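Colleague: please work out how this folds:
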Amino acid sequence: MKKLYLALVLPCVLSSFPALAEQSGLQPQTQGDVSFVSGGVGIDEQNTLRAMQSDYNVSLLFSVQGTGEYLSDVKVTITDTSGNVYLDTVADGPKLFANLKAGRYIVTANQDGRVVRKTATVGGKHRTSLSFTWPQG
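Modeller: Predicted structure coming up:
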C-alpha cells in the first residue's frame with residue numbers, strides 16, 4: 001500500500017516544482033551554454049530554490065560579513081582561465097545557481113564596486129558551492 005501511495009504522490013510532487021518556480025517569480029535563464037537561476041528574496045523564493053538546487057552544479061551565495069545580511073543585485077561574471085566569458089549577469093537575490101561544463105572557472109562578484117574573485121572547479125557529479133562575503137559598509 002505504501003509503494004502504491006508513493007507511486008501516485010511522487011509524480012504530483014515532482015511536477016509541482018515548475019509551478020513553484022512560476023508562483024515565486026523565479027525563472028531559469030540561459031546564456032550561451034549556461035543555464036542559471038537567481039533569487040532567494042522571501043520564503044517562497046527560498047523554498048523554490050531549495051527544490052531546484054539539485055538541478056545545478058554551481059551554487060553562489062552573497063552576504064555581508066558578520067551580520068547575517070544577504071545581498072542581491074550583485075554583478076556576477078564567470079570566465080574560464082583563458083578569459084572566455086560563460087556568464088555575465090546580475091543576481092536577483094542572494095543565491096545564484098548555474099550549470100557549467102566540467103572545467104576550471106574564475107567567478108567574479110561585484111557588489112557596488114567591491115570585487116571578490118574565487119576559483120571554481122566543476123566536474124562529474126561534484127557540486128561546487130562558493131560564498132562571497134563583503135565587509136560592512
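
Colleague: just the strands from the chain, written as ranges.
Modeller: 29-31, 34-39, 58-64, 75-80, 85-90, 95-99, 103-111, 114-122, 128-134 (DSSP state E).

Colleague: single out the most deeply packed of those.
Modeller: strand 95-99 (a mean of 24; mean count of other Cβ atoms under 10 Å). Bear in mind the C-beta positions are built from the backbone N, C-alpha and C, glycine included.

Colleague: what are the pairing partners of it, and which direction each?
Modeller: Using DSSP bridges, the strands paired with strand 95-99 are strand 34-39 (antiparallel), strand 58-64 (antiparallel).

Colleague: same question for stretch 88-95, mean pLDDT?
Modeller: Averaging pLDDT along stretch 88-95 gives 97.

Colleague: now do the end-to-end distance for that stretch.
Modeller: End-to-end distance for stretch 88-95: 15 Å, by Cα to Cα, to the nearest Å.

Colleague: gap between it and the chain center?
Modeller: Remark: stretch 88-95 is offset 8 Å from the chain centroid, using Cα atoms, centre = their mean, to the nearest Å.
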